[in-house]
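*Asks:* Okay, here's the prediction I keep looking at, along with the sequence it came from:
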Amino acid sequence: MPEQHDFIIVGSGGGGGTIAWLLAKAGYDVLLLEQGPDFAAKNRDSSKAFDASVHDEFFYRLSKPDPKRRLRGDYNTFLKRDSGSNSKPFQYGWTASVLGGGSVLWGTWSFRALPIDFKLKTHFERTGQLASLGAYSVVDWPLQYSEMLPYYSVAEALLGVSGDRKAINDSIRASDWYQRFKNEAYWGSEDQWFPMEDYPLGPYTRTPVGQFIYDGINSVGTTWKAFPTPMAIVQPGSDGAKTRQALAKALAKQNGGLSSGIWNLQAEQLWSDRVRQACNMCGYCGEYLCWGSTGPKWGTQDTTLKELTDLPKATIRPNAKAIEVVFDQATRRATGVAYLDLTNRDDPKLEYADANIVIVSCGAVQTARLLLLSGPSSGLGNSGNQLGANATFHMFGLGIRATLADKFQGLLHSELGPTGNTSTFATYFMRDGADTWIKGGHITSSAKKNPLEDAVGALIRPTNPQIGSGLRDEMVENNRRLEVRLTADDLPIMENRVTLDPNYVDEYGIPVARIVRKFGDNETQVNKVGQSYMSKVFDVYRQKGALKGDLIPNNADLSLVGDHQMGTCRMGDDPNASVVNRFCRLHDADNVFVVDSSFMPTGLGLNPMVTVVANALRVGTHIVDSLRKGQAPGRT
Ligand SMILES: Cc1cc2nc3c(=O)[nH]c(=O)nc-3n(C[C@H](O)[C@H](O)[C@H](O)COP(=O)(O)OP(=O)(O)OC[C@H]3O[C@@H](n4cnc5c(N)ncnc54)[C@H](O)[C@@H]3O)c2cc1C
Ligand code: SF4
């Protein structure tokens, strides 16, 4: 007989790792299946205090386990839309395949969506732009922004975000786009746009590059205001992130906004007295796990999943790759999950586990793949031909690089912190004509990694690798390099989608995911206008002769589809135009939910993790409430 659980959750990243915690705390029997290994295990010895003096560069950078993003033998294929049918295997399309998923590798930039992100269709309708966006499938979210707000507060408490709320609010309020649209009826209220609550911790220390970009942004004009990038990294120099206290504070502020039984628990019942200690700015976490044993950098493996290890009815099972959500068409219910036990990767074992409710959270690419491999021949949840469609990935790679003149050598010696430090919302919408505004995103200083990381990168990159004096010259210049990135929206297009590849399989014979994508006119325009906006940050340095050479612009790269994958299981009220309903339950199945980034009906002009975590809390709360009332979750 297969083992039986209340819930099986597939995937342990932001969505899965969060909802597993909530359901287990509510007293349910939870099995979490994660395809990857637990890399952080050797790093997770709670009896040892965080040793801030250790900088084990070899272990933490050079001997990092690889591949960390994908399992051995696993890969996706890519097809540029309208370029024939020959997809090709490529290395991208992955967040991470380890316990913690993308929350292990992420950059920790921790933004709430802005209220207008839930109403983009209405916005483009009212501004008369929708007709020119005919190729796109822009929709409003089926939720009100106010429904997500309480969960944003709890999410920020769980993540222990370090930030400066007032500075963010000021940046939005000062922007010309906010001033232009703030009186529109659909725009949202001031209290939604400008939350008053402080972040759990003060802002992350400003780094040398961060300071240059901060001054560059503020010099553009009164509508441009810089703020410290909010990060889920414990503020350096602070006495740590006390999640229990932060939760208590967030819950106390809700004034009935969270009335569910689970949130009536005392903070002591929700969280242990673990404290995440402050980041010591070693700078080794860019796209890899933080080495601090208490998790200065937030990831589910060091927080929500660590809390689960104390609960008798919660099981975390790494090296367990789900290959099918087993579905009974007669009852419209999943009975459980079939998975490969990959503890010995050369000797996979097929296993089954049964559950009353299955929650899928494999990331937007792998969730689409798993559901397409499940249920009827067209895939589970695909009766409306929407599964995998409307995939969005942001305009990754869109940025500008500048190099300071030789005399500044040493000034930017190293970021000594994670990537990204200073941001502005001045570019969330960008003027493209007298009164035409295209959707952009936030600008953030970026990509100044630990010099060792950059040196290794220069040594091993496929084109123009450097060694010897070439490498030395590059590293000298690295000390003077500034870079900004525009995290801009790519608007959803139905045909940009994830399917099963008809020709390629992984090492277990399972079809791999094929990612089909092409930019539309909107993205071409965002590249163009984005470059001119970003270059303004460097105007002051150009005028003062502080730069060497030209600015080096980079447009978005179509194939950079790994980090911010969204949209393949669109949330909506209409089963013919979406995959999951407002509770993130499949329209086609009564007990299958999806809580990773794939539910997003439109992407955001900002990083998605906080929204993924907040949404998982929202869905988990709904499920617990329904079950306690004796109702089937996922209905009303
Ligand atoms: C390098 C990088 C930097 C990023 N930086 C930021 C940032 O600064 N801010 C931000 O907000 N977001 C950032 N992101 C994005 C963020 O990490 C994701 O949005 C977030 O992790 C999404 O969570 P998720 O639950 O959707 O899925 P994921 O975190 O992708 O987790 C999915 C999990 O499911 C597992 N899985 C997949 N298939 C199976 C299967 N068949 N069986 C079992 N398990 C499976 C995977 O191994 C993985 O652990 C970054 C991502 C990356 C990769
Ligand atoms: S810089 Fe990154 S790796 Fe180093 S302690 Fe801080 S969060 Fe951890």
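*Replies:* Looks like it came in fine. Ligands and ions are numbered 1, 2, ... in the order given.

*Asks:* What lies in contact with stretch 238-253?
*Replies:* For stretch 238-253, the surrounding residues in contact (CB atoms under 8 Å, 6 or more residues apart in numbering) are 153-154, 156-158, 160, 162, 197, 200-202, 234, 258, 263, 266-268, 270-278, 294, 303. C-beta here means a position set from N, CA and C on the backbone, and glycine is covered the same way.

*Asks:* Could you do stretch 527-536 as well?
*Replies:* Stretch 527-536 is touched from outside by 220, 224, 395, 398-400, 426-427, 430-432, 438, 440, 443, 484, 486, 488, 551, 553, 555-556, with contacts defined as CB under 8 Å, 6+ apart.

*Asks:* Which positions in stretch 264-281 come out as buried?
*Replies:* If you call a residue buried by 16 or more other CB atoms under 10 Å, then stretch 264-281 has these buried ones: 267, 270-271, 274-281.

*Asks:* Turn these into CSV, including distance to Gly100.
*Replies:* Listed next are the buried residues of stretch 264-281 as CSV, based on distance: CB to CB, whole Å:
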residue, distance to Gly100
Ala267, 23
Leu270, 20
Trp271, 18
Arg274, 16
Val275, 19
Arg276, 14
Gln277, 18
Ala278, 20
Cys279, 17
Asn280, 21
Met281, 22
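
*Asks:* Out of those residues, which sit inside strands?
*Replies:* Counting by DSSP state E, those place 275-276 in strands.

*Asks:* and of the buried residues of stretch 264-281, the nearest to Leu371?
*Replies:* The closest of the buried residues of stretch 264-281 to Leu371 turns out to be Leu270 (CB to CB; 31.3 Å).

*Asks:* Could you give the residue of the stretch 401-550 of the chain that lies closest to ligand 2?
*Replies:* Nearest to ligand 2 in the stretch 401-550 of the chain, going by CB to the nearest ligand atom, is Pro418, at a distance of 4.9 Å.

*Asks:* helix, strand or coil for that residue?
*Replies:* coil (DSSP: H, G, I helix; E, B strand; the rest coil).

*Asks:* picking that back up, intersect the buried residues of stretch 264-281 with the contacts of ligand 2.
*Replies:* Taking CB under 6 Å from any ligand atom as the test, ligand 2 is in contact with 279-281 out of the buried residues of stretch 264-281.

*Asks:* Kindly reformat these as TSV containing pLDDT.
*Replies:* Shown next, in TSV, are those (pLDDT from 0 to 100):
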residue	pLDDT
Cys279	90
Asn280	84
Met281	84
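
*Asks:* buried stuff in the longest strand along the chain?
*Replies:* Assignment by DSSP E gives strand 349-360 as the longest strand of the chain. Under the neighbour-count criterion of 16+ other CB under 10 Å, strand 349-360 has 353-360 buried.

*Asks:* That one pairs with which strands?
*Replies:* Strand 349-360 pairs in its sheet with strand 3-10 (parallel), strand 333-341 (antiparallel), strand 592-594 (parallel), by DSSP bridges.

*Asks:* By mean pLDDT, flag the weakest helix or strand of the chain.
*Replies:* Lowest on mean pLDDT, DSSP states H and E among the helices and strands of the chain sits helix 57, with a mean of 57.

*Asks:* Beyond that helix, next helix or strand please.
*Replies:* strand 76-80 (DSSP states H and E).

*Asks:* Quick check: phi and psi at Arg332.
*Replies:* Phi and psi for Arg332, reported as degrees, to the nearest 10, are phi 60, psi 30.

*Asks:* so what's it up against?
*Replies:* Applying CB under 8 Å, 6+ apart, we find Arg332 in contact with 588-590.

*Asks:* and this structure, which of its residues are near ligand 2?
*Replies:* Going by CB under 6 Å from any ligand atom, the residues of the chain near ligand 2 are 233, 279-285, 290-292, 296-297, 417-418.

*Asks:* Once you drop chain neighbours, what's closest to the residue in the stretch 501-636 of the chain that ligand 2 sits nearest to?
*Replies:* Closest residue of the stretch 501-636 of the chain to ligand 2, CB to the nearest ligand atom: Met609 (15.0 Å). If the residues on either side of it in the chain are set aside, Met609 comes closest to Gly14, at 5.1 Å by CB to CB, 6 or more residues apart in numbering.

*Asks:* Neighbours of that neighbour, how many?
*Replies:* Counted with other CB atoms under 10 Å, residues neighbouring Gly14 total 34.

*Asks:* picking that back up, closest to ligand 2 out of the ones next to ligand 2 among the buried residues of stretch 264-281?
*Replies:* Cys279 (3.1 Å).

*Asks:* which stretches of the stretch 301-450 of the chain form helices?
*Replies:* With helices called from DSSP state H, counting those that start in this stretch, the stretch 301-450 of the chain shows them at 304-308, 364-372.

*Asks:* any idea of the mean pLDDT in the first one?
*Replies:* Which is helix 304-308. Per-residue pLDDT over helix 304-308 has a mean of 94.

*Asks:* Next, see if that helix gets close to ligand 1.
*Replies:* No. Helix 304-308 stays out of contact with ligand 1 when judged by CB under 6 Å from any ligand atom, the minimum separation being 10.8 Å.

*Asks:* Would you pull up how far that helix lies from the middle of the chain?
*Replies:* Here helix 304-308 is found 19 Å from its chain centre; the criterion is CA atoms, centre = their mean, to the nearest Å.

*Asks:* Leu201 is in contact with Asp164, correct?
*Replies:* No. Taking contacts as CB atoms under 8 Å, Asp164 lies outside contact range of Leu201: 10.2 Å.

*Asks:* And these two? Which one has more around it.
*Replies:* Under the neighbour definition other CB under 10 Å, Asp164 and Leu201 were set side by side, and Leu201 has more, 26 against 18.

*Asks:* ok so, going back, could you single out the nearest of the buried residues of stretch 264-281 to ligand 2?
*Replies:* Ranked by distance to ligand 2 (CB to the nearest ligand atom), these are led by Cys279 at 3.1 Å.
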